[in-house]
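[1] The following comprises the amino acid sequence and a computationally predicted model.
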Amino acid sequence: GAVVSQHPSWVICKSGTSVKIECRSLDFQATTMFWYRQFPKQSLMLMATSNEGSKATYEQGVEKDKFLINHASLTLSTLTVTSAHPEDSSFYICSARAPDAREPQHFGDGTRLSIL
Amino acid sequence: AQSVTQPDIHITVSEGASLELRCNYSYGATPYLFWYVQSPGQGLQLLLKYFSGDTLVQGIKGFEAEFKRSQSSFNLRKPSVHWSDAAEYFCAVVSEFGNEKLTFGTGTRLTIIP
């Protein structure tokens, strides 16, 4: 089945640093990738939709300058949390889908981000 | 706006017993519906999907779901649960076509007791 790889799976860093998370579709071309944030014991909150070769579309309330998204190829999207602070600590999950409108989203294993 | 409701926050089932997780949706047209499962600290795995056709959908790991338009429901079932089924289950509906954004329910946590 379709595989989405997300890296790193866990990162701890100091407040003020920037962290980059990668999301790769391993066996299909992903025209659209999504980035979610998940708080403990809650559902997924969509942060942004990323289409290859164009600017990401951010959900209301998500700071585009804080969460930089790049989708430079059909198999790779990156999320950079800039100048991270403790309140940015969370579980971030990406997903990818192929061009067929009936294809489901396939999810990565998530990245646990802890800002000290 | 599209929405998904999972009325049960937490369900406890004995191993070997049957399971039904409820999902209700609000959507004007024929929905695209999904069930995903999430183990602790992991991403989401697709269990099954419904787009059209047969309203009883078979998925992986012995799960099935039935689409009932009259009840706006897409309940997930399994005849006999295993301890490894303990996880968080999310129902989702495509809420925006074109980029196929998903709207998720709040999830149901499943606990299995021996």
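    Great, that's in hand. Numbering: from 1, shown residues only, chains lettered A, B, ... in the order given.

[2] which stretches of chain B have low pLDDT?
    B:95-99 (pLDDT under 70).

[3] Show me which residues of it sit near chain A.
    Applying CB under 8 Å from any CB of the partner chain, we find that chain B lies next to chain A at B:32, B:34, B:36, B:41-46, B:49, B:51, B:90, B:97, B:99-102, B:104-107, B:109. C-beta coordinates here come from the backbone N, C-alpha and C atoms, glycine included.

[4] 7 Å instead, please
    B:34, B:41-44, B:46, B:49, B:51, B:90, B:97, B:99-102, B:104-107 (CB under 7 Å from any CB of the partner chain).

[5] Please list the members of these that lie in helices.
    Judged by DSSP state H, helices contain none of those.

[6] Which residue is the nearest non-sequential neighbour of the residue minimising distance to the centre of chain A?
    Centrality entry for chain A: nearest residue to the mean C-alpha point is residue A:35, 3.5 Å, by CA atoms, centre = their mean. The shortest distance from residue A:35 to any non-neighbouring residue, by CB to CB, 6 or more residues apart in numbering or on different chains, is to residue A:47 (4.6 Å).

[7] tell me the SS of the residue nearest to the centre of chain A?
    Secondary structure for residue A:35, judged by DSSP: H, G, I helix; E, B strand; the rest coil, is strand.

[8] quick one: low-confidence parts of chain A?
    Regions of chain A meeting the criterion pLDDT under 70 cover residues A:1-2, A:101.

[9] of all the residues in it, which ones are close to chain B?
    Counting by CB under 7 Å from any CB, chain A sits next to chain B at A:6, A:32, A:43-44, A:46, A:49, A:51, A:93, A:97, A:101-102, A:104-110, A:112.

[10] What subset of the residues you listed is buried?
    A:6, A:32, A:43-44, A:46, A:49, A:51, A:93, A:97, A:104-110 (16 or more other CB atoms under 10 Å in any protein chain shown).

[11] Pick out whichever of these sits closest to residue A:57.
    Comparing those against residue A:57 with CB to CB places residue A:49 closest, at 4.7 Å.

[12] That closest one bridge partners, please.
    residue A:34, residue A:57 (DSSP bridges).

[13] Who are the contact partners of it?
    Residue A:49 makes contact with A:32, A:34, A:56-57, B:99, B:101 under the criterion CB atoms under 7 Å, 6 or more residues apart in numbering or on different chains.

[14] what's the answer for residue A:7, then?
    residue A:22.

[15] rerun that using 8 Å as the cut-off
    For residue A:7, the contact set (CB atoms under 8 Å, 6 or more residues apart in numbering or on different chains) comprises A:21-22, A:24, A:111.

[16] I'd like the residues you listed laid out as TSV, including neighbour count.
    As requested, the contacts of residue A:7 are exported to TSV (neighbours: other CB atoms under 10 Å in any protein chain shown):
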residue	neighbour count
A:21	24
A:22	17
A:24	19
A:111	23
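
[17] just those now: which is nearest residue A:39?
    Within those, the smallest distance to residue A:39 is 14.1 Å, found for residue A:111 (CB to CB).

[18] And residue B:51, how far from residue B:94?
    9 Å (CB to CB, to the nearest Å).

[19] what is in contact with these two at once?
    residue B:32.

[20] more neighbours, these two?
    residue B:94 (22 against 15; other CB atoms under 10 Å in any protein chain shown).

[21] quick one: which helix or strand includes that one?
    Element membership for residue B:94 (DSSP states H and E) is strand B:87-96.

[22] Can you tell me what sits against that strand?
    A:43-44, B:1-2, B:4, B:6, B:21, B:23, B:25, B:27, B:31-40, B:44, B:47, B:74, B:76, B:100-105, B:107-110.
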